[in-house]
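Novice: Build me a model:
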Amino acid sequence: MVKAVSFEELNLTGKDYEILNRVESTSRIIVELTSDSYTVKDPDGSFEFEFKKDKKTGNFILEDFDGVVRAGYLLSRDRSEGDVLAYPDQMAHRIAIYRIVNLVKEQGGDGIIEPVISTTVEGCEKRLGRTTITYMTSVSGKVVRLKGSK
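Specialist: Model prediction:
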């Protein structure tokens, strides 16, 4: 296992790395709620989860899943202990982080500093016993490369 290490833990100074670029990624998640179920999906159709309420416990249980979810984390301690699939706002975070991590790799970076993550509720529509909520997450930061790395 490889342990994630923050820049603070490395005690780097400005002469130890160079800032290559500023990057940003986004993700959108659509949640459709009824009284006894909810569906979480990607507007582009890459995945869809369906949760149903257990009548005995009242908890929501994953009933069906289709597609592929690509989720990322900035640090090992950033990872949730709970099941992020059940929390659409956290899923939106993880997808946007996955995307920004890949942007950093594409640009030849070793890491990202000063990450900023924000999530907004873009819309909430109620119709025929169903509520639809759209979450949008944006992640931005600076791509850095350690001097001497290739």
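Novice: For the residue nearest to the spatial centre of the chain, pull up the helix or strand it's in.
Specialist: What sits nearest the mean C-alpha location of the chain, by C-alpha atoms, centre = their mean, is residue 94, with 1.6 Å. Using DSSP states H and E, residue 94 falls within helix 88-106.
Novice: What's the mean pLDDT across that helix?
Specialist: For helix 88-106, mean pLDDT rounds to 90.
Novice: tell me what that helix is packed against?
Specialist: strand 17-33, strand 111-127, strand 130-146 (3 or more C-beta pairs under 8 Å, 6 or more residues apart in numbering; DSSP states H and E). Every residue, glycine included, has its C-beta placed from N, CA and C.
Novice: Rebuild the ones you listed as JSON lines, extending it with distance to residue 72 and mean neighbour count.
Specialist: Output for the helices and strands packed on helix 88-106, formatted as JSON lines (distance: least, C-beta to C-beta, whole Å; neighbours: other C-beta atoms under 10 Å):
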{"stretch": "strand 17-33", "distance to residue 72": "10", "mean neighbour count": "17"}
{"stretch": "strand 111-127", "distance to residue 72": "11", "mean neighbour count": "13"}
{"stretch": "strand 130-146", "distance to residue 72": "9", "mean neighbour count": "18"}
